[in-house]
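> could you look at this predicted model? Sequence included:
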Amino acid sequence: MRTKNLFVNLIFVLASVVFFAQNKNLYGGIEIGGKGIKVSVIDVDNIKKGDYEIKAFWTDNVGIAKGISIDGNLAQDDILKATETVTANYLKLKNEFKVPVEQIFTVGSSGVAMAKNTKELIDKVKAAINKDLEFITANDEGKMLLRGLIPAENYPTSMVLDIGGGNTKGGYVDVFNNNTFVFFPVSLNYGSITLTEAINKKTKSNSLSEYNEKAFGFLPELRTQISEMYNSRSKALEKENLYLSGGAVWAFYTLYNGVAKQNFNEFKLEDVIYYDAILKNNFKKFEDLAKTDPEIEKVLKTYSQKHLISGSNILIVALEAIPNINAKKLYFAKQGQIAWLVSYVAEHSNKVKKIW
């Protein structure tokens, strides 16, 4: 009996070793964004060849950026909630997914980085999980999006644009002598959450009609800022392909077309305009669809109607400002939510050679 027990224990130990060996390529990422905390698990072989598998991805809807448009700070309650959520997800990555702790990365998005009191969040996360929380600049975030999202052969002809909760960021690559890649960032200090809060400041009531009126009045300012964004990098307007990501684009595509079936899903400006009209004039259509479609229900649980309107306004203005937009190829990039992690792993591991 004792020999049998020893044999069983030995098998268990060997199985555990094999299990852990199979997870040596696992990487985990926790991103504190303006509208939520996103968690990713990827199994990496060779990122340069696009050889990685998304093992899991989920979002906890912790809206940490809403205080930024009010007084420039993250609210204390939001900091505490974010720290608790980060801690719970860190333990889940470590204990359930068996991701090595040195291969778990924690970052704050560029939208959250605009707050004046980010050090408070950094200190609390460090105390909770003994991990450094690094905030990504809008420039770095745009670069990570492009590098982790677009196939390398499409770099020279493409631009990325991500409409997040706290801000909008992206950019493009130009190729110079000796095949040198140089990234040129673009950014806008408005996302679906921060724009909503900016408009709310101008309203006297909580009514949707007044919000729509003030949002319409804000469009000239939004157009000016987006025009300035593009004018700072005029070659962005020449790119043939535009890859869009972020919560506002995910919401548009899911509500209008249903869940995305491919990594890159083509659409036209007229689709966004039609979606925008439903959003502002017949929102009940989406509410009715949500009763039987769990993906649409997920969108409506993530964003309020006002947040959706703000995100749609940014998307439309950003597209309309591009000359000859109907001749461009527009794609919703389904995997945009994990692009930063793919790029981050490439930057912080020996899995790939650095491209640029």
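Thanks, I have the structure now.
> okay, now the unreliable bits of this structure?
Segments of the chain classed as low confidence (criterion: pLDDT under 70) are 1-23, 46-51, 69, 177-179, 346, 348-356.
> now do the strands in it.
Listed from the start of the chain, the chain has strands (DSSP state E) covering 26-32, 37-46, 51-60, 104-108, 134-135, 158-163, 168-176, 180-188, 241-245, 264-267, 329-333.
> list the contacts of the second one.
Residues outside strand 37-46 that contact it (CB atoms under 8 Å, 6 or more residues apart in numbering) are 25-31, 51-60, 62, 64, 82, 85-86, 89, 92-93, 97, 99, 337-338, 341-342, 345, 349, 351-352. C-beta here means a position set from N, CA and C on the backbone, and glycine is covered the same way.
> residues near residue 45, how many?
Residue 45 has 11 neighbours, counted by other CB atoms under 10 Å.
> that older thread, of the strands of the chain, which stretch is the most buried?
Between these, strand 158-163 has the highest mean count of neighbours, a mean of 28, where neighbours are mean count of other CB atoms under 10 Å.
> so what are the sheet partners of it and their directions?
Strands flanking strand 158-163 in the sheet, each with its direction: strand 168-176 (antiparallel), strand 241-245 (parallel) (DSSP bridges).
> to residue 72, which of these lies closest?
Shortest distance between residue 72 and the strands paired with strand 158-163, using CB to CB, is found for strand 168-176: 18.6 Å.
> and the angle for the closest one with strand 180-188?
Strand 168-176 and strand 180-188 meet at an angle of 160 degrees, taking axes from the mean of the first three to the mean of the last three CA atoms, to 10 degrees as the criterion.
> so what touches strand 168-176?
110, 138-139, 141-143, 145-146, 155-156, 158-162, 181-188, 190-191, 233, 235-236, 239, 246, 314, 318, 356.
> go again with 7 Å.
Applying CB atoms under 7 Å, 6 or more residues apart in numbering, the external contacts of strand 168-176 come out as 110, 138, 141-143, 145-146, 155-156, 158-162, 181-188, 190-191, 235-236, 239, 314.
> hang on, the earlier thing: as TSV, the strands paired with strand 158-163 with distance to residue 287 would be great.
TSV is the format used below for the strands paired with strand 158-163 (distance: least, CB to CB, whole Å):
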stretch	distance to residue 287
strand 168-176	27
strand 241-245	25
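> what sits closest to residue 322 if chain neighbours are left out?
Taking CB to CB, 6 or more residues apart in numbering, and ignoring the residues beside it in sequence, residue 322 has residue 237 as its nearest neighbour in space, at 5.5 Å.
> contacts only, for the one you found.
Applying CB under 7 Å, 6+ apart as the definition, the contact partners of residue 237 turn out to be 230, 322-323.
> in helices, which of those appear?
Among those, DSSP state H puts residue 230 in helices.
> of the contacts of residue 237, buried ones?
Buried residues within the contacts of residue 237, defined by neighbour count using 16 or more other CB atoms under 10 Å: 230, 322.
> which of the contacts of residue 237 lies closest to residue 120?
Out of those, the member with the shortest distance to residue 120 (by CB to CB) is residue 230, at 34.8 Å.
> so who does that closest one touch?
Residues counted as contacts of residue 230 (CB under 7 Å, 6+ apart) are 186, 236-237, 321.
> how many residues are close by the residue nearest to residue 39 when sequence neighbours are not counted?
Excluding its sequence neighbours, the residue lying closest to residue 39 (CB to CB, 6+ apart) is residue 89, at 4.8 Å. The criterion is other CB under 10 Å. On that basis, residue 89 has 21 neighbouring residues.
> and residue 89, how far from residue 345?
Here the criterion is CB to CB, to the nearest Å. By it, residue 89 lies 17 Å from residue 345.
> ok, residue 83 touching residue 123?
No: with contact defined as CB atoms under 7 Å, residue 83 does not count as touching residue 123 (9.5 Å).
> before we move on, back to that, now render the contacts of residue 237 as TSV, adding distance to residue 208.
Rendered in TSV, the data for the contacts of residue 237 read as follows (distance: CB to CB, whole Å):
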residue	distance to residue 208
230	31
322	29
323	33
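> nearest to residue 267, of the contacts of residue 237?
Within these, proximity to residue 267 (CB to CB) peaks at residue 322, which comes in at 14.2 Å.
> pretty sure the residue nearest to residue 39 contacts residue 29?
No: under the criterion of CB under 7 Å, residue 89 makes no contact with residue 29, lying 9.9 Å away.
> can you give me the helices in the stretch 201-350 of the chain?
208-231, 247-257, 269-281, 284-290, 294-302, 305-320, 336-348 (DSSP state H, counting those that start in this stretch).
> may I see the ones you listed arranged in TSV, with distance to residue 119 as well?
Putting the helices of the stretch 201-350 of the chain into TSV (distance: least, CB to CB, whole Å) gives the following:
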stretch	distance to residue 119
helix 208-231	28
helix 247-257	26
helix 269-281	38
helix 284-290	40
helix 294-302	28
helix 305-320	28
helix 336-348	22
